[in-house]
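S.K.: Next come a sequence and a model predicted from it.
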Amino acid sequence: MHFAANSAFSRLIRPFLNLISLIFKSLSFFNIKIKELRQKNFPHLFILSVDSLSFGGTGKTPLVTAIGRALEKNGARFAIISRGYRSQHEKNGMRVEAAHGCEEVGDEPLLLKANFPAQDVFIGRDRLRSLAAAEARNNRILILDDGFQSSHIKKDFSVMLINPGHPYWYLRHFQFMRRRVDRVLTYRPAGPAKESAPTDTYEFAIAEFVNAGGQAVAIGTAPIVAFSALGDNARFENDMRRYRLAAFRSFPDHHAFGLADLRSLERLRKASGGDWLVCTEKDFCKIKYFLPGEIPLLYARNEIRLHNDVIEQIIQHAAEKGFI
């Protein structure tokens, strides 16, 4: 759960969190350094890593999607390697199929598979095992989703996302760790361009609203009730405030939605006078299997917008090495 950065509760627990995080970050740093001692190089593969300095909510999945789109546009075959956090097969790993459920493989891997049905997506704690499985299926370009801790794997290119507006974004790793990656991108909320804004920034935009049948819906000025289960629910709430937001409800990241949740949200929609319930595409992947037909649910398809040439740099780097 995340709290407002400037709330009274946040200020009260911050010294305690800072102390705990110092211990956590130190252990994480030494773990990364120890893994580096047995680092493996894979010159016959092109390995990308999309990382975050914080525990979540920075937009790794949208960036992986954007990179995947660019690779497909250039005719490249690739595989995505994720952990499958809190899923049934996280420990032993497996290849994700479109027919799997979120409880089996995790919400983010299932969303990535939906976006790239012709590409392979693997999950598992053991990244080397997933890498070997991907290579066995003739994938030569691999995208590690959150591969920063996998310092035992040498990467060809790594990108780190940072959201300084996210409460406690600094708790996972020391800030100097950003120097260990090729490019660092900093989140900046969408708005009027500022001349002083750094080049390596990114933002998000709602591309469209989509119903359960896959059709785009123009909501216009219709009142909506939105909800999400993200690492940074506040960002999605702010995005929804650009529309006529009547109410918003937050859930913990990776929350396993049930029918009772939907019934409760539907009561909230009716009580708030909303025409639509709106969720994220990631959350829709968990809901679509048991969504009652009478509930007017849409999902917001989110896109990352980069103010730099990082994807072009990745494509060029892969091409120079002969992988595209």
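M.R.: Done, it's in.
S.K.: how close does the closest residue to Phe122 other than its chain neighbours sit to Val96?
M.R.: Spatial nearest neighbour of Phe122, chain neighbours left out: Ser130 (4.2 Å); criterion: C-beta to C-beta, 6 or more residues apart in numbering. C-beta: built from backbone N, CA, C; applies to glycine. Relative to Val96, Ser130 is positioned 11 Å away (C-beta to C-beta, to the nearest Å).
S.K.: Those two: which is more packed in?
M.R.: Taking neighbours as other C-beta atoms under 10 Å, Ser130 and Val96 compare with Ser130 leading, 27 against 23.
S.K.: Go ahead and confirm the more buried one touches Ile81.
M.R.: Yes: counting by C-beta atoms under 8 Å, Ile81 is a contact partner of Ser130 at 4.6 Å.
S.K.: what residues are shared contacts of these two?
M.R.: Residues touching both Ser130 and Ile81 (C-beta atoms under 8 Å, 6 or more residues apart in numbering): Phe122, Ile123, Gly124.
S.K.: Which of these ranks first by neighbour count?
M.R.: For the shared contacts of Ser130 and Ile81, the largest number of neighbours (other C-beta under 10 Å) sits with Ile123, at 30 neighbours.
S.K.: any idea how far Gln119 is from Ile81?
M.R.: Taken as C-beta to C-beta, the span from Ile81 to Gln119 is 11 Å.
S.K.: Neighbour count for the two, which is higher?
M.R.: For Ile81 versus Gln119, neighbours defined as other C-beta under 10 Å are more numerous around Ile81 (30 against 19).
S.K.: Ala98: what's it in contact with?
M.R.: By C-beta under 8 Å, 6+ apart, Ala98 lies in contact with Lys113, Ala114, Pro117.
S.K.: what's the first-to-last distance across stretch 244-255?
M.R.: 25 Å (C-alpha to C-alpha, to the nearest Å).
S.K.: do the same with stretch 227-237
M.R.: 8 Å.
S.K.: Start at 832, not 1
M.R.: Noted, 832 is the first residue going forward, which turns the last one into stretch 1058-1068.
S.K.: Show me the contact partners of that stretch.
M.R.: The contact list for stretch 1058-1068, computed with C-beta under 8 Å, 6+ apart, reads 833, 835, 885-889, 994, 997, 1020, 1035, 1057, 1076, 1079-1086, 1088, 1096, 1108-1111, 1113-1114, 1131.
S.K.: do the same with stretch 882-892
M.R.: Outside stretch 882-892, the residues that reach it (C-beta under 8 Å, 6+ apart) are 833, 881, 939, 942-943, 976-979, 989-994, 997, 999-1004, 1006, 1008-1009, 1012, 1018, 1033, 1035, 1061-1063, 1066, 1084, 1113, 1135.
S.K.: Buried ones among those?
M.R.: Buried members of the contacts of stretch 882-892, counted by 16 or more other C-beta atoms under 10 Å: 833, 881, 939, 942-943, 976-979, 989-994, 997, 999-1004, 1008, 1012, 1018, 1033, 1035, 1061-1063, 1066, 1084, 1113, 1135.
S.K.: Among the residues you listed, which lie within strands?
M.R.: Per DSSP state E, strands hold the following members of the buried ones among the contacts of stretch 882-892: Val881, Asp976, Ser989, Val990, Met991, Leu992, Ile993, Tyr1018, Tyr1033, Phe1035, Ile1135.
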